[in-house]
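J.: please work out how this folds:
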Amino acid sequence: MTTSNRMRVRIAAAIMGAVVVAGTHSVNAQAATQPTIQDLVDAINTGVTTAGKALADTGISSAPHSTIPTGNGPETTDAVTAFTFSLANENTAPAGANDWNCKPSAAHPDPVVLLHGSWMNAFDGFAHLSPTIKEAGFCVYALDFGQEGLLQQGGLGALLPGVNGIAPMEESAKEISTFVDKVLTSTGAPKVDIVGHSQGGTVSTPPATPSPACTTPASPPPTTRSRPRTTPPS
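T.: The predicted structure is shown next:
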């Protein structure tokens, strides 16, 4: 299904959900000659449950989450090209990123994790930087974080493909921590270097009492930090 069709399905499902709520209330009201308060409550609850499920199934209503981009888009230095490509190719990794067979070299032992900014994604944020870092000999990884439904706090951004970084930042920080652990487990490295653009720099900030392995640069942007493993390897 194309991106435009997915958007149409989401909007149509939302309208259908509202109709279900109204229709359920109308049918129940006609069926009872003397409706009680409990009848009204039951009708509302039934309609809300049905509409809520329809919205959740379409993505308009969804809890904060992240997606690991797959595939690799073309390398480009043009912001408009990167933006339009990401609209039509949601959750696509930039060139050079997310090669889970990559093993760090002795010269470049720390994997690099790229974190996009608000209302952005891994591809349109790092379509040029990702392959450049990869060509320099590093293992590179990127995450589409901060995805959330329209009915939560995602706003209109939830309706646009490729728009991430719209969920509460504390939730995004948890998603990133989980992703970093995945990278460390895959590569066997003790820590990663993080390159964050805009919000990506904020959500990558180490805890209030960082371990000695955490390092913070003197002058962002872009923000670059090293984050140690947060859980022991399995």
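
J.: point out where this protein drops to low pLDDT.
T.: Counting by pLDDT under 70, the chain has low-confidence residues at 1-62, 149-159, 206-234.

J.: quick one, helices of it?
T.: For the chain, helices defined by DSSP state H occupy the ranges 3-31, 37-58, 79-88, 122-126, 129-135, 169-187, 199-203.

J.: could you name the helices and strands sitting against the longest strand along the chain?
T.: For the chain, the strand that runs over the most residues, judged by DSSP state E, is strand 140-147. Using 3 or more CB pairs under 8 Å, 6 or more residues apart in numbering; DSSP states H and E as the contact test, the elements touching strand 140-147 are strand 65-67, strand 112-115, helix 122-126, helix 129-135, helix 169-187, helix 199-203. Using the backbone N, CA and C atoms, a C-beta is placed for each residue, glycine as well.

J.: out of those, the one nearest G73 is which?
T.: Nearest to G73, of all the helices and strands packed on strand 140-147, is helix 122-126, at 5.0 Å by CB to CB.

J.: tell me what that closest one is packed against?
T.: Helices and strands touching helix 122-126, by 3+ CB pairs under 8 Å, 6+ apart, are helix 79-88, strand 112-115, strand 140-147.

J.: to F83, which of the helices and strands packed on strand 140-147 lies closest?
T.: For F83, the closest of the helices and strands packed on strand 140-147 is helix 122-126, at 4.9 Å, according to CB to CB.

J.: on that earlier part again, now the helices and strands packed on strand 140-147 in a markdown table, with distance to G162 and mean neighbour count?
T.: Listed next are those as a markdown table, based on distance: least, CB to CB, whole Å; neighbours: other CB atoms under 10 Å:
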| stretch | distance to G162 | mean neighbour count |
| --- | --- | --- |
| strand 65-67 | 11 | 17 |
| strand 112-115 | 15 | 27 |
| helix 122-126 | 7 | 28 |
| helix 129-135 | 16 | 20 |
| helix 169-187 | 16 | 18 |
| helix 199-203 | 15 | 23 |
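
J.: got JSON lines for the ones you listed, with distance to P94 too?
T.: Formatted as JSON lines, those follow (distance: least, CB to CB, whole Å):
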{"stretch": "strand 65-67", "distance to P94": "14"}
{"stretch": "strand 112-115", "distance to P94": "8"}
{"stretch": "helix 122-126", "distance to P94": "5"}
{"stretch": "helix 129-135", "distance to P94": "4"}
{"stretch": "helix 169-187", "distance to P94": "15"}
{"stretch": "helix 199-203", "distance to P94": "13"}
